[in-house]
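In: Following is a predicted model, sequence given first.
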Amino acid sequence: MMPDRFDASSVVQIDPRKKTISNLESVVSELKADAATVESEVEILRSRSIAIKVIDLLKLREDPEFERVSHLRRLLNTLGFEFLLDENPKDQNEATTRLNTRRDPIASLIAPDQPGLREPERDEVAVAFSERLRVGRVRSTLLINIRFSASDPVKAAKIANAIADVYIQEQLAYKQRSAGQASGLLEQKLEQLKSKVADAEHKVEKFKAENNIFDTEGQILSEKQLARLMEQTVVSRNATSEARAKYEQGQKLLKRGDNGGATADVLQSHTVRLMKEQFAKASRHEAELATKYGPRHPEMQKVRAEVADAEAQLAAEIERLVTNLKNELEVAESRERQLTANLDTLKEQQVVSKDATVQLKELQREAATSKQLFEALLSRFKQTNETQDLQLADSRIIEHADVPLFPAAPNRKQTTLLALIGGLVAGLALVMILEFATSGIGRPEDVERVFDLAHLASVPWAVAPGEAFDRMRSIRMVIAEPSGIYAEAIRGARREIDVRRTHGSARLIQIASSLPGEGSSVIASNLAHHYAVTGQRVLLIDGDLRRANLTRELAGGRPTGLLEALATGLPVEAAILRDGRTGLHFLPANGPLPSHLSSAELIASPALGATLDNMKRQFDTIVIHSPPLLPVIDGRVLADHADQIVFVMTWRRTPKQLAKRALKCLGFNHRKVVGVVMTEVDPAIIEDSRSLGSGLGGAGRQSLAGRHAA
């Protein structure tokens, strides 16, 4: 009545150390290492929220242990004994409130009696679960001990570990939910800032359009133009100064008539250098010829002409270059004047648009501030969203619960005596109930114990349950299925009958039962057919002159039977029929015409004894099916002429008391009963008890042999 209670413990540590996966700031900070925090976590572990999650995870609502407790609580509630229940709903509610406040700060702002809230429902399994749970802080440490009590040690350890795992998962889930809520709030704020940034930028663009202010690459176009124009003006002035210097130097060289390298360098002309080289070459050639020829020599005149031509070309090229320098100087001066004028005009315009520029910059600063805030929140949103799953719990399991080896309760020394007495009484009561509840024989070995008779065979049903019943097939089953389990059972019955035979001459075997419908006619027919197919001369007699079941099935068109032979004195051989297939001889009970003669008086007449003695001289074995022993006296009279009696009972259906009464009514003929055949036995039972039945059959043979010897 008091099952073992096993306690399993797991230990959780509150870990205040900072856990960093990335450098991003977490939405929820780590727990503090103080007493209040540890006690709060203890209450969270006791809370109904954790209990229900563990119950659903391990499917404890389907566990028989918790179902019994739930039924007991409902019964006590119904009877009005709620005060017997060991519970503290106040503590449970407080723990649940602490859990909700920590997990969801918004929930703490909702009043308990606020309209629209559902009435809390009572969960009996959760209450029973909480009663078996013990959670406490280990001294003044950061360790929390989780202890659970259950009737199964494996279950206790499994639940204790599940509580710790669910607690850790709840911490992670809380952080993930907080990060998800933060992401949602940031997303809403980003939508608002997005609209605000768009409005600010729209105002900037609208102001630019109204005041004809254009910008490019982040700068106002007028300011950018002014800066570029100033740069171009400075470049133009430098170019003008350079062009003037080159032109003045070229003029000086031209006036001096210097056709040398200095002119080429100043003018930076490759053509001048080539012409200078041609002029120098012609001059050298003239000097060489002057040493050979006189001034009037044709070669000298030709060379002088070449020198003069080279000099003229060089002078013309230099003059042309100086003219080009003059043109470049004029172009540069003109460009400088134009740029200077444009610069002055743009400066005047910039002074006029100064007020508009100030307003534009103010609008731009406002837009930039909104954009900067938007980008900062967007960056935080992406960080929070991406790191939502990168969370570590604030606690860790440092010791998982092991399966306890010894029960923590109850105290066996105090309840052993009571359990022993109660068990003995309960065992005796159970034995008596089983003994009187079973009306028939359930096991083959019970036959010898109950009736002091041998168990000859257990015969299965001829037709399986659910199949159509065929009477003719059932009474000839050993012929229809010679290799089946039914025929094997009949062979076993014949062997047990033969080994109990007391003499070697012809014999008469009576097949009897206590009540109708127990299968005695089927056993008689199949046993006779089996004797016939083994080569013996066998006669099957339908001795049930009242109902004649075998006669209707085996000899429906019979002209006469045993009844007419006994009544008229006709030779009984005239009524015997023969089966051409098996060689079995059959004596019907009566003819087709109704008879008003008393079957009991005919069976008790001397004519029956004479007839049976005559048949023994003609046949080796005579199998006679007799009427039931209890309803009528015919079977008891036939027992006087039988050499062996086989008693037939239906498995688990024939009452043992009626069977004992039927055997007792045989009187002195009870000694002729060789054993019991059980019919309609489940084939599975036959297979399981075949070896055991053989042993019991041997024991029955020894017992019967001892009785015959006595």
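Out: Thanks, I have it.
In: Could you export stretch 185-196 as CSV, keeping only the C-alpha atoms?
Out: Taking C-alpha atoms only, stretch 185-196 is exported to CSV below (Å, rounded to 0.1, in the frame of the first residue of the first chain):
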residue,chain,number,x,y,z
LEU,A,185,10.1,48.3,-30.6
LEU,A,186,13.2,49.3,-32.6
GLU,A,187,11.4,48.4,-35.8
GLN,A,188,8.4,50.6,-34.9
LYS,A,189,10.7,53.5,-33.9
LEU,A,190,12.6,53.1,-37.2
GLU,A,191,9.4,53.3,-39.1
GLN,A,192,8.6,56.6,-37.4
LEU,A,193,12.2,58.0,-37.8
LYS,A,194,12.1,56.9,-41.4
SER,A,195,9.1,59.1,-42.1
LYS,A,196,10.7,61.9,-40.1
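In: any residues touching it, and which ones?
Out: Applying CB atoms under 8 Å, 6 or more residues apart in numbering, the contact partners of stretch 185-196 are 370, 373-374, 377-378, 380-381, 384. All C-beta spots, glycine's among them, are computed from the backbone N, C-alpha and C.
In: Could you tell me which of these count as buried?
Out: With burial judged by 16 or more other CB atoms under 10 Å, the buried subset of these is 370, 374, 377-378, 380-381, 384.
In: Mind putting those residues into CSV with secondary structure?
Out: CSV is the format used below for the buried ones among the contacts of stretch 185-196 (DSSP: H, G, I helix; E, B strand; the rest coil):
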residue, secondary structure
Ser370, helix
Phe374, helix
Leu377, helix
Leu378, helix
Arg380, helix
Phe381, helix
Thr384, helix
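In: Put together CSV for those, with pLDDT and distance to His530 on each row.
Out: What follows is those, written out as CSV (pLDDT from 0 to 100; distance: CB to CB, whole Å):
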residue, pLDDT, distance to His530
Ser370, 83, 109
Phe374, 81, 103
Leu377, 81, 100
Leu378, 81, 98
Arg380, 77, 97
Phe381, 77, 94
Thr384, 73, 91
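In: Serialize these to a markdown table and add fields for distance to Lys189.
Out: Supplementary listing: the buried ones among the contacts of stretch 185-196 in a markdown table, determined by distance: CB to CB, whole Å:
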| residue | distance to Lys189 |
| --- | --- |
| Ser370 | 12 |
| Phe374 | 9 |
| Leu377 | 6 |
| Leu378 | 10 |
| Arg380 | 10 |
| Phe381 | 9 |
| Thr384 | 12 |
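In: From Glu564, how far off is Glu601?
Out: 15 Å (CB to CB, to the nearest Å).
In: Kindly report the same for Leu343.
Out: Noted for Leu343: a distance of 157 Å to Glu564, by CB to CB.
In: same question, Leu186
Out: 112 Å.
In: Settle it for me: which of these two has more neighbours?
Out: A direct count of neighbours by other CB atoms under 10 Å for Leu186 and Glu564 places Glu564 higher, at 23 against 19.
In: The more buried one falls within a helix, correct?
Out: Yes. Assessed by three-state DSSP, Glu564 belongs to a helix.
In: circling back: as CSV, the contacts of stretch 185-196 with distance to Asp498 would be great.
Out: As requested, the contacts of stretch 185-196 are exported to CSV (distance: CB to CB, whole Å):
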residue, distance to Asp498
Ser370, 114
Leu373, 111
Phe374, 108
Leu377, 104
Leu378, 103
Arg380, 101
Phe381, 99
Thr384, 95
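In: where exactly do the strands run in the chain?
Out: Along the chain, counting by DSSP state E, strands occupy 6-14, 133-137, 143-150, 215-216, 219-220, 395-399, 455-460, 507-513, 538-542, 577-578, 585-587, 621-625, 644-650, 673-681.
In: Select, out of these, the one closest to Ile168.
Out: strand 395-399 (6.1 Å; CB to CB).
In: Give the rounded mean pLDDT of stretch 603-618.
Out: Taken as a whole, stretch 603-618 has an average pLDDT of 92.
In: Contacts for it, please.
Out: 505-508, 537, 539, 541, 543, 545, 562, 565-566, 569, 572, 587, 602, 622, 634, 637-638, 641.
In: could I have that stretch exported to CSV, CA atoms only?
Out: The C-alpha coordinates for stretch 603-618 follow below in CSV (Å, rounded to 0.1, in the frame of the first residue of the first chain):
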residue,chain,number,x,y,z
ILE,A,603,-31.5,-50.2,-22.4
ALA,A,604,-32.1,-51.9,-19.0
SER,A,605,-33.5,-55.0,-20.7
PRO,A,606,-31.4,-58.3,-20.9
ALA,A,607,-31.6,-58.0,-24.7
LEU,A,608,-29.1,-55.1,-24.7
GLY,A,609,-26.6,-57.2,-22.7
ALA,A,610,-27.0,-60.1,-25.1
THR,A,611,-26.7,-57.9,-28.1
LEU,A,612,-23.5,-56.2,-26.9
ASP,A,613,-22.0,-59.6,-26.0
ASN,A,614,-22.7,-60.8,-29.5
MET,A,615,-21.1,-57.7,-31.0
LYS,A,616,-18.0,-58.2,-29.0
ARG,A,617,-17.5,-61.5,-30.7
GLN,A,618,-17.7,-59.8,-34.1
